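Engineer: Pasted the sequence and its predicted model underneath.
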Amino acid sequence: MDNKAFFKLSYGLFLAGVEYQQKYNACIINTASQATSSPPVMLATMLKSNLTTELFLSKKSMNISVISQNCSLDVINHFGLNSGRDIDKFENTSFAVDKYKNPFIEEGMNARFVCTLNTAKELSTHYLFILDVENSFVLSDEKPMTYADYRVMKNNSDRLIKSSNRSWVCSICHYVYDGATPFEELDENYKCPVCGKGKEYFICET
Ligand SMILES: Cc1cc2nc3c(=O)[nH]c(=O)nc-3n(C[C@H](O)[C@H](O)[C@H](O)COP(=O)(O)O)c2cc1C
């Protein structure tokens, strides 16, 4: 099997938002897609370990927004590289809620779907969710951001961070910190979003 074949598949990028017991949370997913148009059904594959997944399994409804090309890398990194288990992702972000109180942001998104859980199929590390789409909205005419667009943006940004001589790298998994907050100012409870090790495992590479 040539695993590189999977890189030939194209994906979009989405923000999945859930509220449960007054906890507002959202994470980035690249695995949302349309399954059927009539009835309107979508699919999404979400990590079991994500807080968003846990909240969704209890709530059984969520908002899925389509990220557009004018969305900043900071927003994607904020929701995709941090867990709501460690920070309140909506603390400094203005957001609205749908009829289920599930949160969404409109800036940098071009469409939004109100989804409810039809079926959860357990896979090894993920759940595959079959989602009934209850409502949908077009927010702008901006083009959707693809996962490949995101990789280009991220690689350019990583190069800039490296060239600024202030590259903080996880010594365990080699993740390069690239959040908006300077690494030195991060909370002491900060954890590597990839391997979960604490701040003390990061080393400053010049
Ligand atoms: C570009 C990108 C794509 C991602 N795609 C998915 C995905 O399809 N499914 C998923 O469960 N997590 C995906 N993630 C990871 C989650 O967004 C990440 O684990 C997040 O920290 C979970 O936050 P939470 O614990 O607050 O839910 C992706 C992250 C990024 C940056």
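Structural biologist: Yep, that arrived. These figures come from a predicted structure and were not determined experimentally.
Engineer: how about residue 5, secondary structure?
Structural biologist: helix (DSSP: H, G, I helix; E, B strand; the rest coil).
Engineer: Nearest the geometric middle of the chain, what residue?
Structural biologist: residue 28 (1.2 Å; CA atoms, centre = their mean).
Engineer: Am I right that it falls within a strand?
Structural biologist: Yes - assessed with three-state DSSP, residue 28 lies in a strand.
Engineer: Now for residue 83: which residues touch it?
Structural biologist: Neighbouring residues of residue 83 by CB atoms under 8 Å, 6 or more residues apart in numbering: 27, 50, 51, 193. C-beta coordinates here come from the backbone N, C-alpha and C atoms, glycine included.
Engineer: Of those, which is the most crowded?
Structural biologist: Neighbour counts for the contacts of residue 83 were taken using other CB atoms under 10 Å; the highest belongs to residue 27, which has 24 neighbours.
Engineer: near the ligand, which residues of the chain?
Structural biologist: 25, 27-31, 45-47, 50-52, 80-85, 150, 193 (CB under 6 Å from any ligand atom).
Engineer: Now with 5 Å, please.
Structural biologist: Counting by CB under 5 Å from any ligand atom, the positions of the chain adjacent to the ligand are 27-31, 46-47, 50-52, 80, 83-84.
Engineer: Thought residue 197 was touching residue 175, still the case?
Structural biologist: No - between residue 175 and residue 197 there is no contact, the gap being 9.2 Å when judged by CB atoms under 8 Å.
Engineer: Could you check which helix or strand contains the closest residue to residue 60 other than its chain neighbours?
Structural biologist: Using CB to CB, 6 or more residues apart in numbering and skipping residues adjacent in sequence, the residue nearest residue 60 is residue 117, 4.2 Å away. Residue 117 belongs to strand 109-122 when assigned by DSSP states H and E.
Engineer: Can you give the contact residues for that strand?
Structural biologist: Taking CB under 8 Å, 6+ apart as the rule, strand 109-122 contacts 15, 41-42, 44, 56-57, 60-68, 71, 98-100, 102, 104, 106, 127-144.
Engineer: switch to 7 Å and redo it
Structural biologist: Residues outside strand 109-122 that contact it (CB atoms under 7 Å, 6 or more residues apart in numbering): 15, 41-42, 57, 60-68, 98, 104, 127-140, 142, 144.
Engineer: Outline the domain layout of the protein.
Structural biologist: 11-147, 160-205 (automatic domain parsing).
Engineer: Ranked by average pLDDT, which of those falls at the bottom?
Structural biologist: Lowest mean pLDDT within these: domain 160-205, a mean of 83.
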